[in-house]
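Enquirer: Next comes the sequence, and after it the predicted model I'd like to discuss.
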Amino acid sequence: MIISMGITTFFREAWGRKVETTQDLGAKTPNQGSTHIQNIVPKTISQTRQDIKNYVDAQNAAQVEENPKFYPIQNLYDNILRDLHLQSQVNNRMLKSLSRAFSIKNADGTTNEELTTLLQNKGFVFQINQSILGTIYRRHSLGEFSYKIVNKELVLTFDTIARQNVDPRSGYLYYDYTDDKKIKYREQAEYGSWLIEFGEKNTTLGLLDGCVPMVLFKRFANSCHSELCEIYGIPPRVMKTNTQDPVMVARAKKMMQDMGTAAYFIIDDSESFDFAKGVTTDGEVYTTLKTHCNNEISMGVSGTVVGQDTKNGSNGKEKTSIGILEDLVDSDLSLIEQCWRDTVIPALQVLGVLPAGVMYKYDATEDLAQLWKMVTEAAAFLEIDPKWIEQKFGIKVLGTKKTDSETKLSLNLSESFFV
């Protein structure tokens with residue numbers, strides 16, 4: 001059916017059909033009634049201060065043998081991802097993979113240009129790849145396909161179910177993660193087609209598990225450092241007066257308030273107050289702790305510290321670090337290819353969205369700078385295809401340029417020259 005109608009026509013019929021009302025969806029959306037995502041009960045996440053005890057309790061809740069609870073650790077992951085350094089490291093690695101161009105290969109290894117172009121313009125492909133990469137950081141992803149009406153067009157979409165509501169080890173889905181009511185999503189009829197999952201079921205809690213204490217320690221260091229800045233920047237003031245006289249105390253209080261917003265205290269003129277002499281510091285201990293936490297986060301996510309150590313950094317070190325990060329990105333791309341081969345493509349074929357015998361592939365990465373150097377060196381001895389040069393480097397080749405020996409200086413002494 002797909003071959004006879006053509007790829008373009010098939011896609012237009014499958015996910016680009018114009019509709020007027022929700023009744024027009026008809027048999028096109030078998031799961032149009034009540035999807036699992038629609039049944040998820042939204043929850044307000046507490047914004048109270050988190051500490052190591054919360055982290056250990058969340059770990060224990062997720063790793064118990066009977067009736068594990070994953071929502072505490074997943075809520076904690078959402079909390080630490082507000083850290084800008086951790087956020088930047090995750091985005092640097094993830095966006096490098098999400099922005100890489102892919103192609104759809106036929107069974108014989110040739111590129112299906114038409115199908116590749118169509119998929120590159122579909123938003124659900126980005127959402128699927130983002131869900132796959134999320135398993136690296138948060139262990140597991142459970143997602144659901146559905147059709148939605150966008151600008152009166154039937155559009156296939158993919159949404160990741162909140163990880164707080166999923167128990168990947170036992171295969172349970174909680175519509176309300178604070179309740180004990182649950183369903184076995186792997187026994188549902190739509191599992192493997194409308195409902196698909198990625199990631200490991202019985203392994204660690206994901207890469208973010210090691211980042212939690214580093215973020216919490218850094219928040220503590222930031223809090224202490226800000227208090228230190230307040231004490232050193234605006235030292236507290238002392239005023240001695242007769243505390244037995246309410247009038248004098250009130251006058252002294254008003255005077256201290258009028259002098260500024262720094263901390264102050266009032267003592268009796270017969271009393272004395274001295275500051276304890278502690279270790280004099282400019283906050284270097286807090287700066288060191290924050291730097292250590294940032295470096296540990298970078299090592300966990302990027303495999304190295306890239307562009308942060310401005311004191312001891314060097315050009316060679318940065319190039320080596322970027323190379324290590326690229327190796328991790330290549331590993332992430334291999335994970336995406338594997339998940340498409342084993343999970344996504346079979347599901348889309350069941351839904352009638354993709355034809356049989358296709359593969360999702362990324363082209364091998366090339367060092368264009370090194371390749372250009374090889375081309376320029378080989379050009380002195382070999383003839384190179386101009387079309388390949390234009391395709392690979394984007395340089396429009398008009399022809400070969402004459403060498404100096406071939407260029408001759410001449411004077412045109414025609415009659416017009418003397419006019």
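Expert: Perfect, I can see it now.

Enquirer: Spell out the residue ranges of the strands in the stretch 1-150 of the chain.
Expert: Remark: strands assigned in the stretch 1-150 of the chain by DSSP state E, counting those that start in this stretch are 102-105, 140-150.

Enquirer: Return the list of strands paired to the longest one, each annotated with direction.
Expert: Strand 140-150 sits in its sheet next to strand 153-160 (antiparallel), strand 195-199 (antiparallel), going by DSSP bridges.

Enquirer: okay, that strand in PDB with CA atoms only?
Expert: Taking C-alpha atoms only, strand 140-150 is exported to PDB below (Å, rounded to 0.1, in the frame of the first residue of the first chain):
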ATOM      1  CA  HIS A 140      14.500   5.600  31.900                       C
ATOM      2  CA  SER A 141      11.900   7.200  29.600                       C
ATOM      3  CA  LEU A 142       8.300   6.100  28.800                       C
ATOM      4  CA  GLY A 143       6.600   7.900  26.000                       C
ATOM      5  CA  GLU A 144       3.400   7.900  24.100                       C
ATOM      6  CA  PHE A 145       2.400   8.600  20.500                       C
ATOM      7  CA  SER A 146      -0.900  10.500  19.800                       C
ATOM      8  CA  TYR A 147      -2.600  12.400  17.100                       C
ATOM      9  CA  LYS A 148      -3.400  16.100  17.800                       C
ATOM     10  CA  ILE A 149      -5.100  18.800  15.700                       C
ATOM     11  CA  VAL A 150      -2.700  21.600  14.900                       C
END
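
Enquirer: could you list every residue that touches A58?
Expert: 72-73, 75-76 (Cβ atoms under 8 Å, 6 or more residues apart in numbering). Any C-beta I mention is one placed from the backbone N, CA and C, and that applies to glycine too.

Enquirer: Okay, it and L173: tell me how far apart.
Expert: Going from A58 to L173 by Cβ to Cβ, to the nearest Å gives 20 Å.

Enquirer: swap in V353?
Expert: 24 Å.

Enquirer: Check W388 too.
Expert: For W388, the distance to L173 equals 52 Å [Cβ to Cβ].

Enquirer: Between these two, which has more neighbouring residues?
Expert: L173 (21 against 11; other Cβ atoms under 10 Å).

Enquirer: what's the neighbour count on the residue nearest to M94 when sequence neighbours are not counted?
Expert: Closest residue to M94 apart from its sequence neighbours, by Cβ to Cβ, 6 or more residues apart in numbering: L133 at 5.2 Å. Other residues near L133 come to 23 when the count uses other Cβ under 10 Å.

Enquirer: for K373, same thing?
Expert: Counted by other Cβ under 10 Å, the residues lying close to K373 total 11.

Enquirer: helices or strands next to the helix or strand hosting it in the packing?
Expert: K373 is part of helix 368-378, with elements assigned from DSSP states H and E. When contacts are defined as 3 or more Cβ pairs under 8 Å, 6 or more residues apart in numbering; DSSP states H and E, helix 368-378 packs onto helix 386-393.

Enquirer: Name the residues of the helix it packs on that are buried.
Expert: Under the neighbour-count criterion of 16 or more other Cβ atoms under 10 Å, helix 386-393 has I389 buried.

Enquirer: repeat for stretch 359-368
Expert: Within stretch 359-368, the residues that count as buried by 16+ other Cβ under 10 Å are 360-361.

Enquirer: And for stretch 330-349?
Expert: Residues of stretch 330-349 classed as buried by neighbour count (16+ other Cβ under 10 Å): 330, 332-333, 335-337, 339-340, 343-349.

Enquirer: List the contacts of it.
Expert: Outside stretch 330-349, the residues touching it (Cβ under 8 Å, 6+ apart) are 93-94, 97, 100, 128-129, 132-133, 135-136, 145, 192-194, 196-198, 354-356, 358-362, 365.

Enquirer: same thing with stretch 94-113?
Expert: Stretch 94-113 has contacts (Cβ under 8 Å, 6+ apart) with 7, 115-116, 119-120, 126, 129-130, 133, 325-326, 329, 332-333, 336, 357-363.

Enquirer: Recalculate using a threshold of 6 Å.
Expert: 115-116, 129, 133, 329, 332-333, 357-359, 361-362 (Cβ atoms under 6 Å, 6 or more residues apart in numbering).

Enquirer: Measure how buried E190 is and give me the count.
Expert: Neighbour number of E190 under other Cβ under 10 Å is 18.

Enquirer: okay, and for the protein, where does confidence drop off?
Expert: 1-34, 202, 233-236, 259-265, 267, 271-281, 307-314, 365-367, 400-419 (pLDDT under 70).

Enquirer: quick one: the residue nearest the centre of the chain from F126, how far?
Expert: Closest residue to the average C-alpha location of the chain: N91 at 3.9 Å, with Cα atoms, centre = their mean. Noted for N91: a distance of 14 Å to F126, by Cβ to Cβ.

Enquirer: From the contacts of stretch 330-349, keep the buried residues only.
Expert: 93-94, 97, 100, 128-129, 132-133, 135-136, 145, 193-194, 196-198, 354-355, 358, 360-361.

Enquirer: Tell me which of the strands paired with strand 140-150 is the most buried.
Expert: strand 195-199 (a mean of 22; mean count of other Cβ atoms under 10 Å).

Enquirer: thinking again about what came up before, list just the nearest of the contacts of stretch 94-113 to V306.
Expert: Ranked by distance to V306 (Cβ to Cβ), the contacts of stretch 94-113 are led by V329 at 12.3 Å.

Enquirer: Now do the contacts for that closest one.
Expert: Taking Cβ under 6 Å, 6+ apart, one finds 96-97 in contact with V329.

Enquirer: can you redo the strands of the stretch 1-150 of the chain as CSV with distance to V397?
Expert: Formatted as CSV, those follow (distance: least, Cβ to Cβ, whole Å):
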stretch, distance to V397
strand 102-105, 25
strand 140-150, 43
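
Enquirer: With the flanking residues excluded, which residue is spatially nearest to V375?
Expert: Nearest non-adjacent residue to V375, counting by Cβ to Cβ, 6+ apart: I384, 6.4 Å away.

Enquirer: Give me the phi and psi for the one you found.
Expert: Phi and psi for I384, reported as degrees, to the nearest 10, are phi -110, psi 140.

Enquirer: Can you give me the neighbour number for it?
Expert: Neighbour number of I384 under other Cβ under 10 Å is 12.

Enquirer: List the buried residues in stretch 316-332.
Expert: 321, 325, 328-330, 332.

Enquirer: Pick the one among the residues you listed closest to Q244.
Expert: For the buried residues of stretch 316-332, the residue nearest Q244 by Cβ to Cβ is S321; the value is 67.9 Å.

Enquirer: Nice, that's everything, thank you.
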